[in-house]
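> only geometry, no sequence info:
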């Protein structure tokens with residue numbers, strides 16, 4: 001009998017020089033299947049991770065101003081409000097600049113300029129100087145978000161957008177799990193060292209973008225129920241976009257209660273410990289790390305309206321349910337509910353904008369979206385704490401449920417109920 005050197009079927013299935021088990025392809029890996037994303041997406045992932053891992057000055061700004069510079073609480077609060085106010089205007093400016101000169105130059109300038117301002121921030125000692133530097137810092141730093149969202153839209157295909165935006169949020173959440181914790185340690189040692197580390201990480205992220213090669217991939221629509229020509233009246237001439245922005249503002253007011261009225265309600269109203277409140281952030285981050293990318297890959301072909309309405313309703317139910325629970329276990333359940341809403345809603349909002357925005361106005365659309373988020377961050381915490389202190393938790397959480405449900409209804413009208421279809425366009429076509 002002749003001998004054969006053909007591999008057996010078992011050998012064919014298991015190539016030589018390879019481990020019999022690959023975590024990258026395993027169902028245990030929540031990020032499997034992301035290898036098809038362009039390298040530019042991973043470049044932005046690294047940039048956001050570096051930048052957010054060093055973000056510590058903003059969370060400790062009020063502490064720094066009151067302890068180190070001996071500002072009154074009112075003066076420190078006004079400085080924080082100035083940051084939020086500048087961010088509202090920086091978003092649209094960053095978006096329009098992205099349309100005019102490109103998203104990459106805007107991102108580079110934002111990181112390098114904001115890092116430089118943070119490095120010089122400790123030199124400001126008077127109230128007026130701190131206010132001026134804070135406003136300049138916010139104006140530089142908040143140019144980045146609309147530019148980065150526009151950049152992601154340019155380099156991925158429509159069916160990759162939700163996964164790409166989810167990966168972008170993953171980098172932000174991973175970084176934010178490091179930055180404030182490190183900032184707390186540095187603040188106890190030296191506030192100046194906190195500014196130096198924050199500035200250096202931001203500058204490093206900027207250098208990464210400066211040194212890297214960027215290859216945007218254009219797309220064109222082949223079938224769409226939406227008009228993709230630039231709007232003659234600009235962003236504000238699109239009635240569906242205005243509905244979307246209003247819904248974004250409303251649901252974001254509800255979402256931002258997790259860092260304002262929620263801790264007050266838990267600690268003062270339910271007598272739960274601050275440590276338990278902190279553990280909710282750990283649970284939220286772990287869920288995002290493990291589940292957000294798989295959820296958005298699984299729903300990549302959903303019509304945007306489905307994910308937007310579901311995300312708004314989950315956030316409405318999660319925060320509205322706070323008024324029905326009084327034990328730690330109940331707070332934990334509601335946190336899981338609104339975290340699922342967060343994981344569905346925010347990538348879907350960015351992907352929806354990427355689909356409906358005319359190519360020449362993508363930055364402007366993302367800038368308007370960033371403005372609505374910044375406005376909600378400015379209004380939401382104040383509104384929530386006022387309702388809690390004046391009318392009580394029952395009114396607060398009922399109102400937040402109503403806002404979230406209203407946002408869900410508006411999203412249903414604003415977003416198409418079928419997916420748009422785009423294919424890559426050849427260069428120069």
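Sure thing, it's come through. Note that the coordinates shown come from a computational prediction; the quantities given were computed from them, not determined experimentally.

> quick one: contacts for the residue positioned nearest the centre of the chain?
Per CA atoms, centre = their mean, the C-alpha nearest to the average position across the chain is that of residue 169, at 5.1 Å. By CB atoms under 8 Å, 6 or more residues apart in numbering, the contact set of residue 169 is 288, 292, 346, 347. To be clear about C-beta, it is placed using only N, CA and C from the backbone, and glycine gets the same treatment.

> Kindly recompute the last result at 10 Å.
For residue 169, the contact set (CB atoms under 10 Å, 6 or more residues apart in numbering) comprises 48, 288, 292, 293, 296, 342, 343, 346, 347, 350.

> do residue 101 as well
Counting by CB under 10 Å, 6+ apart, residue 101 makes contact with 109, 147, 363.

> where's it relative to residue 108, distance?
11 Å (CB to CB, to the nearest Å).

> re earlier: which SSE is the residue nearest to the centre of the chain in?
helix 161-176 (DSSP states H and E).

> quick one: average pLDDT of that helix?
Helix 161-176 carries an average pLDDT of 87.

> Pull the contacting residues for the closest residue to residue 71 other than its chain neighbours.
Nearest in space to residue 71, with sequence neighbours left out and distances taken as CB to CB, 6 or more residues apart in numbering, is residue 65 at 4.2 Å. By CB under 10 Å, 6+ apart, residue 65 lies in contact with 71-73, 75-80, 127, 130, 134, 191.

> just to revisit the earlier point, mind putting the contacts of residue 101 into TSV with pLDDT, neighbour count and secondary structure?
Shown next, in TSV, are the contacts of residue 101 (pLDDT from 0 to 100; neighbours: other CB atoms under 10 Å; DSSP: H, G, I helix; E, B strand; the rest coil):
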residue	pLDDT	neighbour count	secondary structure
109	95	19	helix
147	93	29	helix
363	91	29	helix
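
> circling back: need the overlap of contacts for residue 101 and residue 108.
Joint contacts of residue 101 and residue 108 (CB under 10 Å, 6+ apart) are residue 147.

> which residues in the stretch 201-350 of the chain form strands?
Remark: strands assigned in the stretch 201-350 of the chain by DSSP state E, counting those that start in this stretch are 219-223.

> Residue ranges in it under the pLDDT threshold?
Applying pLDDT under 70 to the stretch 201-350 of the chain flags residues 216-234.

> Need the phi and psi values for residue 70.
phi 60, psi 40 (degrees, to the nearest 10).

> Could you report the neighbour count for it?
Number of residues near residue 70 (other CB atoms under 10 Å) recorded here: 9.

> Distance check, it against residue 82.
When residue 70 is compared with residue 82 (using CB to CB), they lie 19 Å apart.

> which residues does residue 336 contact?
Here residue 336 is in contact with 280, 283, 284, 287, 314, 318 (CB under 10 Å, 6+ apart).
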